[in-house]
Each structure stands twice: as structure tokens, then as C-alpha cells.
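Asks: Let me see the structure of the following:
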Amino acid sequence: MKLCSACLLGLKCRYDGKNKPNEKVINLAAKETLIPICPEQLGGFSTPRKPAEQKNGQVITEDGDDVTINFESGAKQVLALAKLYDIRSAILKQRSPSCGCGQIYDGTFSKTIIEGDGITTKLLKENGIEVLTEDDI
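Replies: The predicted structure follows:
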């Protein structure tokens, strides 16, 4: 059993109200239990919502609003689910400010990718949970 970014399973929960279904992830869901999660929704955001990126240790919307507390709250909710179900790994959406693993956008909203982890990924890793991306499947 793994946690999985809900957008990768075809649920419309992304900031733009869309999804990012991934064939490999969907095929994996037919073989093992994947629990869909969206840390941003769990952090209190609606769908759709303003785009956000990490910059200088904070999560900022394109309009300049600091939404770090929502991202941290959502990450804590995901960790609580992981502990509740004794989850040891997760498949999360690459480059997301919540779920990115090894790659995130740089905070300039220019689609520039840098090394780094999303807020949820960091918290899961700190708690011994392996994080994979759709690229790792």
C-alpha cells in the first residue's frame, strides 16, 4: 500500500482544476492499493486555486501571497494518513511545491526547474517514508 498524488490517478485536484493521469501509475493501481491524496486540498485550498511555488523557504502564490502555512498543514495531514495506515512509500507528482521530489520550480513562475523537494515530500522523507515520482515507476 502506498500514498499517491490524486492527480496522477486522474482526479481533478491540481491548482488549475485539471489532472495529470499517468498511465504507469494507473496500471500500478490495478495491482496494488494506492491511497489518493492531495496535500494542497488537505491544507485547505479549493480547486482550482492560485499557482504557487517555493522561494526562500516559503510557498508563495503568483500574486505574492504567502501560503506556506496551508502547505505545511496539508503535509502534516498526509503524514497523519501515512502513520494511520503504516505507509512506507509514496508516489508523488514531480515538480509540485507540495509533492516534488528532487525537482521543484524556482519560485519565479518562469517554469525554471531547480533541485529541491516539495513541502510534503520533505516531511515524509524526514519521517522515513520513501518518496518516488511518476518518473520512477
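Asks: Scan this protein for its longest helix.
Replies: Identified as the longest helix of the chain according to DSSP state H is helix 68-84.
Asks: What sits closest to Asp16 if chain neighbours are left out?
Replies: Distances taken as Cβ to Cβ, 6 or more residues apart in numbering place Pro48 nearest to Asp16, at 5.6 Å, with adjacent residues excluded. Glycine gets a C-beta too; all of them are placed from N, C-alpha and C.
Asks: does the one you found sit in a helix, a strand or a coil?
Replies: At Pro48 the chain is in coil, as set by DSSP: H, G, I helix; E, B strand; the rest coil.
Asks: go on, Ile35?
Replies: strand.
Asks: correct me, but it touches Ala6?
Replies: No - using Cβ atoms under 8 Å, Ile35 is not in contact with Ala6; the gap is 9.2 Å.
Asks: And the two? Which one has more around it.
Replies: The residue with more neighbours, out of Ile35 and Ala6, is Ala6; 21 against 17, by other Cβ atoms under 10 Å.
Asks: OK, contacts around the residue nearest to that one when sequence neighbours are not counted?
Replies: Ranked by Cβ to Cβ, 6+ apart and with sequence neighbours excluded, the top spatial neighbour of Ala6 is Pro36, at 3.8 Å. Pro36 makes contacts with 4-6, 9, 11, as judged by Cβ atoms under 8 Å, 6 or more residues apart in numbering.
Asks: One more pass at 7 Å, please.
Replies: Applying Cβ atoms under 7 Å, 6 or more residues apart in numbering to Pro36 gives the contacts 4, 6, 9, 11.
Asks: How about Thr133?
Replies: 92, 94, 101.
Asks: Now do the helices in this structure.
Replies: Using DSSP H, helices in the chain cover 23-29, 39-42, 68-84, 119-126.
Asks: How about the last one, which residues are buried there?
Replies: Across helix 119-126, burial judged by 16 or more other Cβ atoms under 10 Å covers 119-124.
Asks: No more questions from me, cheers.
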